[in-house]
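J.: build me a model:
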Amino acid sequence: MKRFLYLFLFVTFVCTTGSAQHEAHYTHFMYTKQLINPAYVGSSGMPSFMGLYRKQWIGFDGAPESQLLTFNAPFFDPRVGFGIAVSRQVTGDFEEYFGNLSYSYDMINQDDLNLRIGIMGTLKYLGLNINGPGSAIRNPSDPVVSLINGDDFSKVGGNVGAGLYLNVKDAYIGISVPNLITRQLGTEVSPRPAEEKPHFYGMAGAIIPIPESSFSIYPNVLFKYVENAPFSLDINLSAIYNNVFTFGASYRYGEVNGDSVDFLARYQVSPAFGLGVAYDLPISDIRDYNSGSIELMMTYNIGGKGSNGDPDMTNPRFFF
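T.: A predicted model of the protein is given here:
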């Protein structure tokens with residue numbers, strides 16, 4: 001299949017009304033909460049790194065590809081959290097770089113009850129290489145084409161976000177809006193330039209031990225909504241064996257051409273180091289044009305509440 005053409009990219013990301021959900025969406029959403037909810041940072045009680053690579057729609061030329069790296073930790077005081085996240089996303093000749101800083105504060109700070117409030121600041125770079133191998137100008141008379149005059153298009157902008165994150169013993173609930181400000185992405189020559197709209201997220205999950213067993217059940221759900229776009233719902237059910245192996249499946253409902261069935265597995269190699277993999281099997285019409293999507297994830301935690309200084313893997317928050 002041909003790579004995404006210039007007109008498609010430019011209209012989707014730059015020239016038209018911003019009615020699509022363009023923020024990154026990961027199958028390992030239960031491990032990437034920091035990206036969308038600043039109140040999450042510091043909640044695990046230990047410094048934590050996470051790296052993730054996603055290749056979407058394998059076999060589809062110009063399909064999205066992304067890399068993500070996050071770090072969060074308590075900051076001088078257990079009630080205060082700090083985090084940083086950076087990512088890169090490429091779709092055809094369109095490229096986005098993203099970075100944010102997050103701060104959280106625990107308003108309750110009890111052993112089995114924590115309520116954090118968080119804020120975040122974000123900086124994004126959007127770029128389009130119109131001279132790239134996947135670009136083609138279909139309508140030279142388009143005023144946007146005349147404006148850029150053969151030069152690559154780019155735009156830099158910032159935003160702010162906020163969230164709440166509640167831990168109640170073995171469960172969590174979070175709500176967040178990572179981008180509170182509506183900002184223009186497109187060019188002035190378009191009568192309806194693209195806009196970045198606030199995205200609203202809700203998340204919840206719990207670890208439910210099975211009595212007299214080495215297994216625990218780990219359900220998670222993520223809801224996303226943005227004005228004038230279909231809502232998205234991810235439902236995951238996983239099992240944790242002996243606090244080492246995690247395996248499960250998700251169903252992603254996107255209302256319009258966004259459905260997929262996802263499978264994931266995670267292995268806690270050591271108390272500090274973990275590896276994960278996920279595979280998305282599309283069940284919408286796009287399934288005829290690709291071989292699914294894959295994610296690879298790595299986590300590393302420094303210290304914690306264990307008696308030997310290693311992370312306390314018996315604490316449910318280790319998996320949150």
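J.: any weak-confidence spans in the stretch 201-320 of the chain?
T.: For the stretch 201-320 of the chain, applying pLDDT under 70 flags the ranges 255-258, 304-320.
J.: can you pull out the strands in it?
T.: Assigned by DSSP state E, counting those that start in this stretch, the strands in the stretch 201-320 of the chain fall at 208-209, 215-226, 232-241, 245-253, 260-268, 273-282, 293-301.
J.: who wins for proximity to Leu68 among the ones you listed?
T.: strand 293-301 (8.9 Å; C-beta to C-beta). C-beta coordinates here come from the backbone N, C-alpha and C atoms, glycine included.
J.: give me the residues contacting that closest one.
T.: Strand 293-301 is contacted from outside by 26-28, 31, 44, 46-58, 260, 264, 266, 271-280, 282, 311, 318, using C-beta atoms under 8 Å, 6 or more residues apart in numbering.
J.: sort out which residues of it are buried, please.
T.: 293, 295, 297, 299-301 (16 or more other C-beta atoms under 10 Å).
J.: again with stretch 220-237
T.: Those would be 220-224, 226, 229-230, 232-234, 236, for stretch 220-237 by 16+ other C-beta under 10 Å.
J.: how far out from the middle of the chain is it?
T.: Between the centre of stretch 220-237 and the centre of its chain there are 12 Å (C-alpha atoms, centre = their mean, to the nearest Å).
J.: then stretch 102-121?
T.: How far stretch 102-121 lies from its chain's middle: 20 Å, per C-alpha atoms, centre = their mean.
J.: first-to-last residue distance for that stretch?
T.: 7 Å (C-alpha to C-alpha, to the nearest Å).
J.: returning to that earlier point: among the strands of the stretch 201-320 of the chain, single out whichever gets nearest to Val160.
T.: Val160 sits nearest to strand 215-226 of all the strands of the stretch 201-320 of the chain, at 16.6 Å, using C-beta to C-beta.
J.: and that closest one with strand 232-241, angle?
T.: Relative orientation of strand 215-226 and strand 232-241, computed by axes from the mean of the first three to the mean of the last three C-alpha atoms, to 10 degrees: 170 degrees.
J.: distance from strand 215-226 to the middle of the chain?
T.: Per C-alpha atoms, centre = their mean, the displacement of strand 215-226 from the mean C-alpha position of its chain is 13 Å.
J.: now swap in stretch 74-89 and tell me
T.: On C-alpha atoms, centre = their mean, the centre of stretch 74-89 falls 15 Å from the chain's centre.
J.: residues in contact with it: which ones?
T.: 24, 34-35, 38, 40-43, 45-47, 64-73, 95-106, 109, 116, 118.
J.: next one: stretch 237-253
T.: Against stretch 237-253 from outside (C-beta under 8 Å, 6+ apart): 27, 207, 214-220, 232-236, 258-268, 276, 280, 313-314, 318-319.
J.: apply 6 Å and report the result again.
T.: Outside of stretch 237-253, the residues that reach it under the criterion C-beta atoms under 6 Å, 6 or more residues apart in numbering are 214-216, 218-219, 233-236, 260-263, 265-266, 268, 313.
J.: of all the residues in it, which ones are buried?
T.: 238, 240, 243, 246, 248, 250, 252.
J.: okay, and the beta partners of the last one?
T.: This means Arg252. Asp234, Ser260 (DSSP bridges).
J.: out of the contacts of stretch 237-253, which end up buried?
T.: 216, 218-219, 233-234, 236, 260, 262, 266, 268, 313.
J.: quick one: which of the residues you listed is nearest Phe200?
T.: Leu233 (12.5 Å).
J.: let me see the contact set for that closest one.
T.: Neighbour list for Leu233: 223, 253 [criterion: C-beta under 6 Å, 6+ apart].
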